[in-house]
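Novice: Here is my input, please return the structure:
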Amino acid sequence: MKKRQRVKKNDDFQKVFKKGKSFANRQFVVYFLEKEGQTEFRVGLSVSKKLGNAVTRNQIKRYIRQSIHELKDEVKQNMDYVIIARQPAATMDFHEVKQSLQHVLRIAKVLKKT
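Specialist: Numbers count the residues shown, from 1 in each chain. Alright, predicted model coming up:
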């Protein structure tokens, strides 16, 4: 993911939390907010220290980023997304992470294909 595709600033995170909608399953919570005039989506990640040490947290973030990268053509473009990992995500492999994220995004109706 390119830098311009990331939500980095705390203000941006707070806007998505306060004004956006959220959907969840057991592994992830996804907040999203539609942004007018934005041509590509942006993603922010939140992985708590409760999920494990730095190695585990970084692995989860890598899996999420790669999953989003593979789903980029299906995801609605004019949005900001914040993805929060929950405890079960710490023990999942890449394919499980991707399936779980697809599931949440499908529930949220932000995937173009069903």
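Novice: Tell me which stretches of the protein form strands.
Specialist: Counting by DSSP state E, the chain has strands at residues 21-24, 28-34, 42-46, 79-85.
Novice: Report the residue spans of the protein with pLDDT below the cut-off.
Specialist: Counting by pLDDT under 70, the chain shows low-confidence ranges at 1, 113-114.
Novice: So which residue is dead centre in it?
Specialist: Closest residue to the average C-alpha location of the chain: residue 83 at 3.2 Å, with Cα atoms, centre = their mean.
Novice: Could you give the bridge partners of that one?
Specialist: residue 30, residue 45 (DSSP bridges).
Novice: if I read this right, it contacts residue 28, doesn't it?
Specialist: Yes: if you go by Cβ atoms under 8 Å, residue 83 and residue 28 touch, sitting 5.8 Å apart. Yep, even glycine has a C-beta here, placed from its N, CA and C like the rest.
Novice: Identify the contacts common to those two.
Specialist: Common contacts of residue 83 and residue 28 (Cβ atoms under 8 Å, 6 or more residues apart in numbering): residue 101.
Novice: what angle sits between the longest helix belonging to the chain and strand 42-46?
Specialist: Using DSSP state H, we find that the single longest helix of the chain is helix 54-70. Counting by axes from the mean of the first three to the mean of the last three Cα atoms, to 10 degrees, helix 54-70 lies at 160 degrees to strand 42-46.
Novice: contacts for helix 54-70?
Specialist: Under Cβ under 8 Å, 6+ apart, the answer for helix 54-70 is 1, 43, 45, 47-49, 51, 75, 81, 83, 85, 89-90, 92-94, 97-98, 101-102.
Novice: can you pull the buried residues of it?
Specialist: For helix 54-70, a neighbour-count test (16 or more other Cβ atoms under 10 Å) marks 57, 59, 60, 63, 64, 65, 67, 68 as buried.
Novice: got it, and stretch 106-114?
Specialist: 108, 110, 111.
Novice: Return the closest of the residues you listed with respect to residue 36.
Specialist: Using Cβ to Cβ, residue 110 comes nearest to residue 36 of these, at 16.0 Å.
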